[in-house]
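Q: Task: produce atomic coordinates for the following.
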Amino acid sequence: MPPAAAETEKLAPPQPKFLIGEGASDPENDNNRTSTHLRTTSGSTSVHESPPITPRGLTFNIPAQNPFTTFSTQAYYTPEQTPGTSPVPMSTNSMNAYPFPDVSSASAISSMPRSGATSVSTSVADLTRNHSSFYGSSSRPGTDYGSSNRPLSSRSREAFASPRTRPLTMYSTVQPSEVKVERERAKSTALTPSTTLHKPWVGTRDPYSRIAYLITYAAMFLGIGAGVLRAYTGWHDVSLLTGNLCPVMDEDFNSEDGVFGDNGLFLREVDMSGFGNGEFEMTTNSENNSYVKDGFLYITPTFTSDVIGEAAILNGSVFNITGCTYNITQGLSYTSENPTGPVNVNASQIGSDADFDLNAYLAACSAVSNITTHQIINPIQSARISTRKTASIRYGRIEVRAKIPTGDWLWPAIWMLPVDNTYGPWPMSGEIDIMEARGNGPTYPKQGTNYVRGSLNWGPVTWLNAVSKTFGWWFLRRGSWDQGFHTYALEWDESFMRIYVDTRLHHMLQLNFNEPFFKRGDFPGIVQNGSEAVILTNPWANGTNAAPFDQQFYLIMNVAVGGTNGWFPDGPEKPWLDGANTAMSDFWAARAQWLPSWSTNDPASRSLVVDSVKMWEKC
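A: Down below sits the predicted model:
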């Protein structure tokens, strides 16, 4: 019995793209089907395959003994459809479907050429599994190859293969053409057919065009020539030291031996006077303030309150500094406007021949705190070391590799003073500042740690300094000088002086001694000092064009704090005024503002750290 309709529909697979005939793949019947493909229904056994013939459409009138093998449905494809879609069925009542003749019997079928059955709207489930007994052969949908040695299952699967390639349409993927398409070039819409472009250069050449070419090339060659000339003159104008240089000092601080002490290279200058600048620190001989560690020399500011307490700084105490060096320094090397003692004294000698000045000695070696007058003991302790007793040069070269400190109102300096005050007290005998800086950060509006300065201090009298005519700086655009080590250098002979950092291209000051300093200063003949009129005379009249910088100078390194000489200009960011008698106490009272910028965990960050000192003298 045939299965019920509901069960048949349940087993029906999806609709195929083409009519499935006897050659349809059926795994259960593949083994029962004959392995030969007959040309006709008469049972001939020809093994020759016929070429594939694509039918237009067929109507199969199969006997009704097996209702599942009766095909009376004809389909055709509309122009909108392709072999990959479901066909449109013809009328099921018509046995003579146009355009094919009526095929109403098995004999008619056998008399027609076999080409398979295509375009029949049916499903695989509608086919009886043993159709080969009726047809006498197995045929592929769409083609008939006769007998084939290939498995029926594989030939049946070919019925589901993709149809032939359709012609390309405008939506198809088209391979790029190798033929270059010539397109008409678009024309400007501003042009009209009647517009005629004026091209005077086509007809007659402009006589001035040759002049234009000459001017252009002449300017080019002139620029090249000027560049070559500028390079040559720039190279020629860079003054260099000539002759031999003899080493005077080469200290890299790999050992503490020979740095300090009686026979050490550096003298610790001990003083509380402010060195003529109104500085707020005292300089000590303590190893807390100057010491050698891990191959570096440190000059570190500390707090006096750590030694004597906060109350003693503010009121009711007298502090006498240990190891005061006033008897050695005699105050002559200080930048004081009112020096004591004789004018011409060798700074390397103890001033036994100088008159003792008690007031100057007390200012240098002791201090008193009084809350009523707002006089306090110097709240900061630091260090100032020099080579005044061991090393000096007159013309030569100095290199100091160092890192400047970080901290508001710190004033690090590497500088030089004359061994002998040949031309008089400061600044008449001169001062050379190789490096000066401020510990305030880059946001400080008056040149912070991103600036370093070099300058010369000189003047015909003690209260007239012409430093404004001989100074300069170098600005670090990215970063600041306190973030690493840099080489601060001096080159100096009888014809020029250059102060720079790291390279000659970064010179802070470059000065040729091509005229006397008295003329360079353009000083007036008479100057007023208070109520007194002073006639200026040239103190360097007996010197060279380099005077006062034609004498022996020694090296000094120190870290000062604050001051009232104008190095830190008055302003809203500054907690004291230079002209106030209470400047030092005002500075200390505002420590909550500036103390956070001083590192308490890392004293090295607020120190002048020196890696090496090298000195050569021209010989």
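
Q: now the helices for the stretch 501-619 of the chain?
A: Along the stretch 501-619 of the chain, counting by DSSP state H, counting those that start in this stretch, helices occupy 517-521, 583-589, 591-594.

Q: The first one packs against which elements?
A: Under the contact criterion of 3 or more Cβ pairs under 8 Å, 6 or more residues apart in numbering; DSSP states H and E, the helices and strands touching helix 517-521 comprise an empty set. For glycine as for every other residue, the C-beta is placed from the backbone atoms N, C-alpha and C.

Q: export that helix as PDB, just CAs?
A: C-alpha atoms of helix 517-521 as PDB (Å, rounded to 0.1, in the frame of the first residue of the first chain):
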ATOM      1  CA  PHE A 517      86.200  98.600  30.200                       C
ATOM      2  CA  PHE A 518      86.100 102.300  31.400                       C
ATOM      3  CA  LYS A 519      85.100 103.300  27.800                       C
ATOM      4  CA  ARG A 520      82.800 100.300  27.500                       C
ATOM      5  CA  GLY A 521      80.900 101.400  30.600                       C
END
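
Q: quick revisit: point out the most buried one among the helices of the stretch 501-619 of the chain.
A: When the helices of the stretch 501-619 of the chain are scored by mean count of other Cβ atoms under 10 Å, the highest mean neighbour count falls to helix 583-589 (a mean of 21).

Q: Please work out which residues outside that helix touch it.
A: 278, 280, 313-314, 374-376, 378-379, 409, 562, 564, 575-577, 580 (Cβ atoms under 8 Å, 6 or more residues apart in numbering).

Q: same question, stretch 276-283
A: 268-272, 274, 289, 301, 304, 321, 334-337, 367, 378-384, 411, 426, 558-565, 567, 578, 583-584, 587-588.

Q: Quick check on these: which are buried?
A: Neighbour counting by 16 or more other Cβ atoms under 10 Å classes 268-272, 274, 289, 301, 304, 321, 334-336, 367, 378-384, 411, 426, 558-564, 567, 578, 583-584, 587-588 among these as buried.

Q: Looking at those, which are in strands?
A: By the criterion of DSSP state E, membership of the buried ones among the contacts of stretch 276-283 in strands covers 268, 367, 380, 381, 382, 384, 411, 558, 559, 560, 561.

Q: My guess is the first one contacts residue 381. True?
A: Right, the one you point to is residue 268. No - using Cβ atoms under 8 Å, residue 268 is not in contact with residue 381; the gap is 12.0 Å.

Q: any shared contact partners between those two?
A: 283, 284.

Q: can you pull out the helices in this structure?
A: 5-11, 106-111, 132-135, 152-157, 200-203, 209-237, 305-308, 310-314, 326-329, 358-365, 517-521, 583-589, 591-594 (DSSP state H).

Q: Quick one: closest of those to residue 601.
A: helix 305-308 (15.1 Å; Cβ to Cβ).

Q: which residues make contact with that closest one from outside it?
A: With Cβ under 8 Å, 6+ apart, helix 305-308 has contacts from 313, 317, 319, 377, 379, 381.

Q: rewinding a little: closest to residue 361 out of the helices of the stretch 501-619 of the chain?
A: Between the helices of the stretch 501-619 of the chain, helix 583-589 lies closest to residue 361; by Cβ to Cβ that is 20.1 Å.

Q: Convert the closest one to CSV, retaining C-alpha atoms only.
A: What follows is helix 583-589, C-alpha atoms only, in CSV (Å, rounded to 0.1, in the frame of the first residue of the first chain):
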residue,chain,number,x,y,z
ALA,A,583,63.6,90.9,55.4
MET,A,584,65.1,87.8,57.0
SER,A,585,62.4,87.3,59.6
ASP,A,586,59.7,87.9,56.9
PHE,A,587,61.3,85.1,54.8
TRP,A,588,61.3,82.7,57.7
ALA,A,589,57.8,83.6,58.8
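
Q: Residue 542 and residue 508: what is the separation?
A: 30 Å (Cβ to Cβ, to the nearest Å).

Q: who's more crowded, these two?
A: residue 508 (23 against 9; other Cβ atoms under 10 Å).

Q: before we move on, the earlier item: of the contacts of helix 305-308, closest to residue 440?
A: For the contacts of helix 305-308, the residue nearest residue 440 by Cβ to Cβ is residue 379; the value is 18.2 Å.

Q: follow-up on the earlier one: reformat the ones in strands among the buried ones among the contacts of stretch 276-283 as CSV; add distance to residue 504.
A: What follows is those, written out as CSV (distance: Cβ to Cβ, whole Å):
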residue, distance to residue 504
268, 33
367, 44
380, 36
381, 37
382, 32
384, 29
411, 26
558, 26
559, 27
560, 28
561, 32
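
Q: I'd like to know how many residues surround residue 361.
A: Count around residue 361 with other Cβ under 10 Å applied: 16.

Q: Look at it and report its pLDDT.
A: Residue 361 is assigned 87 on the pLDDT scale.

Q: so who does the nearest residue to it once chain neighbours are set aside touch?
A: Leaving aside its chain neighbours, residue 361 sits nearest to residue 326 (5.2 Å; criterion: Cβ to Cβ, 6 or more residues apart in numbering). By Cβ under 8 Å, 6+ apart, the residues touching residue 326 are 271, 360, 361, 364, 365.

Q: Count residues in the vicinity of the residue nearest to the last one when sequence neighbours are not counted, would you?
A: By that I understand residue 365. The shortest distance from residue 365 to any non-neighbouring residue, by Cβ to Cβ, 6+ apart, is to residue 324 (3.5 Å). Applying other Cβ under 10 Å, we find 23 residues neighbouring residue 324.

Q: Look at residue 212 and say how many residues are nearby.
A: With other Cβ under 10 Å as criterion, residue 212 counts 10.

Q: Residue 550 touches residue 517, doesn't it?
A: No - counting by Cβ under 8 Å, residue 517 is not a contact partner of residue 550; they are 10.2 Å apart.
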